[in-house]
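>>> how would this look folded up:
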Amino acid sequence: MSLMLLCSVLACCQTASAPAAPLPREMTLEEPRPRPPQDPTQERYPPVPGESAPRSERAFLDLDWLELTPAIGIAFFSSEYETDPTAALSLSAHAPLPWLSPSGDNVGEYFGLFAEAAFMNIDRNLSPTVDHRQGLASFFSLGLDFSIVRDGTWIVVVRAGALYAYYGGIADLNSGFGFMAGASVGLQISGKLGLTYSPEVLFGDTGSLIFLNTLGLSIQF
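Numbering: from 1, shown residues only. Here you go, the predicted model:
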């Protein structure tokens, strides 16, 4: 009896001193699945932050992002014009310049090319004996703009460029070149439409100024 008890005690001691089986270092619920092949026409995933195409591979002018903005507003004139404020119409076009833009794409900040035509009636406060006191004035602008903000909600753009003013024979107003500067602040109302307010200053000869304020509908193609 004592011999059997001794054998049982020895067996328990050997079991206790035996090393425990190692636990697995990782436990996974399922095997990793390989990523399916991607359509080469789609954008690469995951996107690489800050990555942009080399400048040599960018288009100079991207007409796929063409934007037209018809607008209506009011023009205020400096004293050289001797005329009262009047209604004005304008039509502007914008397209991005990926080659010049710092990010190389059309998502955030980028430079663009713009062209604008503005029309307004000028009725000068001159002597009744002066002929051609009244007429249609046309202003044609071409230059660069820069989109500070352009996302799904807001549009903030500044612009500057050369200007040609054509007065159509209005008395004592000489057609010629000048320059302009302005900005647009807008609200995107859909994927392709936005409402904008655009204050601009048109600089003519001999220090004459026109302050143009318009409300426009931005149509993005």
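>>> just name the shakiest helix or strand of the protein by mean pLDDT.
Using mean pLDDT, DSSP states H and E, the weakest-scoring helix or strand in the chain turns out to be helix 2-17, at a mean of 54.
>>> so for the next helix or strand after it, mean pLDDT?
Tracing the chain past helix 2-17, the next element assigned as helix or strand by DSSP states H and E is strand 67-77. Over the span of strand 67-77, the pLDDT mean works out to 97.
>>> got the contact list for strand 67-77?
By CB atoms under 8 Å, 6 or more residues apart in numbering, the surrounding residues in contact with strand 67-77 are 83-95, 118, 120, 122, 184, 196, 198, 208-221. Every residue, glycine included, has its C-beta placed from N, CA and C.
>>> please save the CA atoms from it in PDB.
Output in PDB follows, covering the C-alpha atoms of strand 67-77 (Å, rounded to 0.1, in the frame of the first residue of the first chain):
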ATOM      1  CA  GLU A  67     -16.000  76.900 -66.300                       C
ATOM      2  CA  LEU A  68     -18.200  79.600 -67.700                       C
ATOM      3  CA  THR A  69     -19.800  82.300 -65.500                       C
ATOM      4  CA  PRO A  70     -22.500  84.700 -66.900                       C
ATOM      5  CA  ALA A  71     -23.100  87.600 -64.500                       C
ATOM      6  CA  ILE A  72     -25.100  90.700 -63.900                       C
ATOM      7  CA  GLY A  73     -24.300  93.700 -61.700                       C
ATOM      8  CA  ILE A  74     -23.500  97.300 -61.300                       C
ATOM      9  CA  ALA A  75     -20.500  99.500 -62.300                       C
ATOM     10  CA  PHE A  76     -19.300 102.500 -60.400                       C
ATOM     11  CA  PHE A  77     -17.000 105.000 -62.200                       C
END
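>>> list the buried residues in that strand.
Neighbour-count burial for strand 67-77, counted by 16 or more other CB atoms under 10 Å, picks out Glu67, Thr69, Ala71, Gly73, Ala75, Phe77.
>>> that strand pairs with which strands, parallel or anti?
For strand 67-77, the paired strands and their directions (DSSP bridges) are strand 86-96 (antiparallel), strand 209-220 (antiparallel).
>>> list buried residues within the contacts of strand 67-77.
For the contacts of strand 67-77, buried by 16+ other CB under 10 Å: 83, 88, 90, 92, 94-95, 118, 120, 122, 184, 196, 198, 208, 210, 212-214, 216, 218, 220.
>>> ok and the longest strand along the chain relative to strand 67-77, angle-wise?
For the chain, the strand with the greatest residue count under DSSP state E is strand 134-150. Between strand 134-150 and strand 67-77, the angle comes out at 130 degrees (axes from the mean of the first three to the mean of the last three CA atoms, to 10 degrees).
>>> each with direction, which strands does strand 134-150 pair with?
Going by DSSP bridges, the partners of strand 134-150 are strand 110-123 (antiparallel), strand 154-166 (antiparallel).
>>> okay, that strand in PDB with CA atoms only?
Listed next in PDB are the C-alpha coordinates belonging to strand 134-150 (Å, rounded to 0.1, in the frame of the first residue of the first chain):
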ATOM      1  CA  GLN A 134     -23.700 108.100 -74.600                       C
ATOM      2  CA  GLY A 135     -22.700 104.600 -75.800                       C
ATOM      3  CA  LEU A 136     -21.900 101.000 -75.100                       C
ATOM      4  CA  ALA A 137     -18.400 100.400 -73.500                       C
ATOM      5  CA  SER A 138     -16.800  97.000 -73.800                       C
ATOM      6  CA  PHE A 139     -13.900  95.600 -71.700                       C
ATOM      7  CA  PHE A 140     -12.000  92.500 -72.600                       C
ATOM      8  CA  SER A 141      -9.600  90.900 -70.100                       C
ATOM      9  CA  LEU A 142      -7.100  88.000 -70.200                       C
ATOM     10  CA  GLY A 143      -4.900  86.900 -67.400                       C
ATOM     11  CA  LEU A 144      -4.200  84.400 -64.600                       C
ATOM     12  CA  ASP A 145      -6.300  83.400 -61.600                       C
ATOM     13  CA  PHE A 146      -5.500  81.400 -58.500                       C
ATOM     14  CA  SER A 147      -8.000  79.200 -56.600                       C
ATOM     15  CA  ILE A 148      -7.400  79.700 -52.900                       C
ATOM     16  CA  VAL A 149     -10.400  77.400 -52.000                       C
ATOM     17  CA  ARG A 150     -12.300  75.200 -54.400                       C
END
